[in-house]
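> here are the coordinates; sequence isn't available:
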Ligand SMILES: Cc1cc2nc3c(=O)[nH]c(=O)nc-3n(C[C@H](O)[C@H](O)[C@H](O)COP(=O)(O)OP(=O)(O)OC[C@H]3O[C@@H](n4cnc5c(N)ncnc54)[C@H](O)[C@@H]3O)c2cc1C
């Protein structure tokens, strides 16, 4: 994976290219296509032009073209470049005003560079916001070999999605990526002071947490080894590849039983390891039996296989051939930043977010798996975009009251 520090170089170079093409006042009439280096403002501003004649004696008979749009937009652009893009050319440093409060280095700081964080950075970048994205690089699906169910990216490697997302952000010099852990964040007045690993503190006007969650694996020998290669948690992610196959389900009490019933949509050969049927409760146990799902009371001793899971060894020595084991275990927030900043949580431990990924803390947004919706990569990306839209709307309202 290319380091974000390495990415800062070309991005900075592109910033310079854009600024110089802006200074030249060249309109789109000079060429039919817009290159990646074209300035990002609408054509209408640049194409309004009138022709007049040069006074005689100027040495040229060619009509003089005065581009009012160019003059105006040069002024506007310079301001934009100063306010929004300057940070891409200079390394950001934390600054404090005379009262000691942190001054905003960035419009938005995003913690987490998974689908949610990358998607938010893209939308905010295109809105000319100065963005810092800090990512520790430990995505939830790192153990997986294929990402499924993501429109246009079905069956790609999860790291490819991330790398493509990062590569495409390099077009935007106002978006800075750093491979660094965010250690702490505090609200200081209307802004946030964010401490990075290594001690640097940066300021931002809005903070987006896209830090994801972590799954607890079943306490079974081999669970970690086969995670993503026969051990899964989500039927929507890995059910298709295991359709019609002999499956096992692991989960304490009712959790495993409910997942087993859900998986019935993918296979009719399911064994659930949920302890004694008494722990499941008579109603759920009845449902399992009705749908042909076997309840196995003997504990699992170990998972066996070579590259992928092949069988489950039970504590009494029996070996059960199974292609996959799905588990229903508790998950937890990957970061405690939301808790430390005072976010409200749902009963299930997700951050309680509003329609646009807002939280109960002003200026703080949470998107992706750590918020309360469906936990799929494409949903996380969509939530990142929604949060970005809301953040930019809030900033616009502040900038242009
Ligand atoms: C084994 C497995 C397979 C899966 N398969 C699929 C699938 O096929 N299809 C699908 O749609 N979904 C799948 N998922 C779910 C998918 O991985 C998540 O929905 C998605 O990754 C959520 O994206 P996110 O951006 O919210 O979080 P993540 O992708 O987890 O990204 C969060 C990022 O934030 C970083 N971070 C956390 N704390 C900090 C901090 N303090 N400072 C800096 N960085 C930090 C992490 O290191 C990480 O890079 C799978 C999950 C697992 C576990």
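Great, that's in hand. Keep in mind the model is a prediction, meaning the values are calculated, not measured.
> Whichever residue of the stretch 301-401 of the chain sits closest to the ligand: how many residues sit nearby?
Nearest residue of the stretch 301-401 of the chain to the ligand, counting by CB to the nearest ligand atom: residue 368, 2.2 Å away. For the C-beta atoms, the positions are set from N, CA and C on the backbone; glycine is no exception. Residues lying near residue 368 (other CB atoms under 10 Å) number 32.
> Please tell me how far it sits from residue 386.
Residue 368 sits 11 Å away from residue 386, going by CB to CB, to the nearest Å.
> swap in residue 124?
12 Å.
> Please say which of those two ends up with more neighbours.
More neighbours surround residue 124 than the other of residue 124 and residue 386, with 30 against 21 (other CB under 10 Å).
> Looks like the more buried one contacts residue 388 (just checking).
Yes - at 4.7 Å, residue 124 and residue 388 qualify as touching, with contact defined as CB atoms under 8 Å.
> Run through the residues of this protein sitting next to the ligand.
111-117, 134-141, 143-144, 147-150, 181-182, 210-212, 215, 228, 234, 237, 334-335, 368-369, 375-378, 380 (CB under 6 Å from any ligand atom).
> Selecting buried members of those in PyMOL, what would you type?
Selection of buried members from the residues of the chain next to the ligand for PyMOL, criterion 16 or more other CB atoms under 10 Å:
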select buried, resi 111+112+113+114+115+116+117+134+135+136+137+139+140+141+143+144+147+148+149+150+181+182+210+211+212+215+228+234+237+334+335+368+369+375+376+377+378+380
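> Now, the residues of the chain next to the ligand that are in strands?
Members of these lying in strands (criterion: DSSP state E): 111, 134, 182, 215.
> Could you pick out the one among those residues with the lowest pLDDT?
Minimum pLDDT across those is recorded for residue 215, with 92.
> contacting residues around it?
140, 233, 329, 331 (CB atoms under 8 Å, 6 or more residues apart in numbering).
> got the contact list for the second one?
If I follow you right, that is residue 233. 215, 326-329.
> farthest-separated two in the residues you listed?
The span of the contacts of residue 233, defined through CB to CB, is set by 215 and 326 at 11.9 Å.
> Now the phi/psi pair for residue 272, please.
phi -110, psi 130 (degrees, to the nearest 10).
> tell me the mean pLDDT for stretch 311-322?
Mean predicted lDDT for stretch 311-322 stands at 96.
> same deal with stretch 326-340?
Averaging pLDDT along stretch 326-340 yields 95.
> Endpoint to endpoint, it covers what distance?
In stretch 326-340, first residue to last residue: 33 Å (CA to CA, to the nearest Å).
> Ok, stretch 163-179 next?
13 Å.
> Most widely separated two among the contacts of residue 215?
Using CB to CB, those span at most 13.6 Å, a distance reached by 140 and 329.
> check contacts around the spatially most central residue of the chain.
Most central in the chain under CA atoms, centre = their mean is residue 116, positioned 2.1 Å from the mean C-alpha point. Taking CB under 8 Å, 6+ apart, we find residue 116 in contact with 210, 212, 367-369, 380-381, 383-384, 387.
> at 10 Å what do you get?
The neighbours of residue 116, taking CB atoms under 10 Å, 6 or more residues apart in numbering as the test, are 110, 208-212, 357, 366-371, 377, 379-388.
> Skip the chain neighbours and tell me the closest residue to it.
Nearest non-adjacent residue to residue 116, counting by CB to CB, 6 or more residues apart in numbering: residue 368, 2.9 Å away.
> For residue 250, which residues are in contact?
217-220, 223, 231, 233, 256, 259-260, 271-274, 296, 300, 303, 312, 325-329.
> Which other helices and strands does the longest helix along the chain contact?
For the chain, the helix with the greatest residue count under DSSP state H is helix 377-399. Counting contacts by 3 or more CB pairs under 10 Å, 6 or more residues apart in numbering; DSSP states H and E, helix 377-399 packs against strand 106-111, helix 115-126, helix 158-169, strand 201-209, strand 364-366.
> Mind listing what's buried along it?
Buried, per 16+ other CB under 10 Å, within helix 377-399: 377-392, 394-395.
> my read: the residue of the stretch 301-401 of the chain closest to the ligand touches residue 211, true?
Yes - at 7.7 Å, residue 368 and residue 211 qualify as touching, with contact defined as CB atoms under 10 Å.
> any common contacting residues for these two?
With CB under 10 Å, 6+ apart, residue 368 and residue 211 have common neighbours 112, 114, 116-117, 140, 334, 351.
> Same list (those residues) but as CSV, adding distance to residue 191.
CSV is the format used below for the shared contacts of residue 368 and residue 211 (distance: CB to CB, whole Å):
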residue, distance to residue 191
112, 20
114, 25
116, 22
117, 20
140, 29
334, 24
351, 20
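> This completes my enquiry, with thanks.
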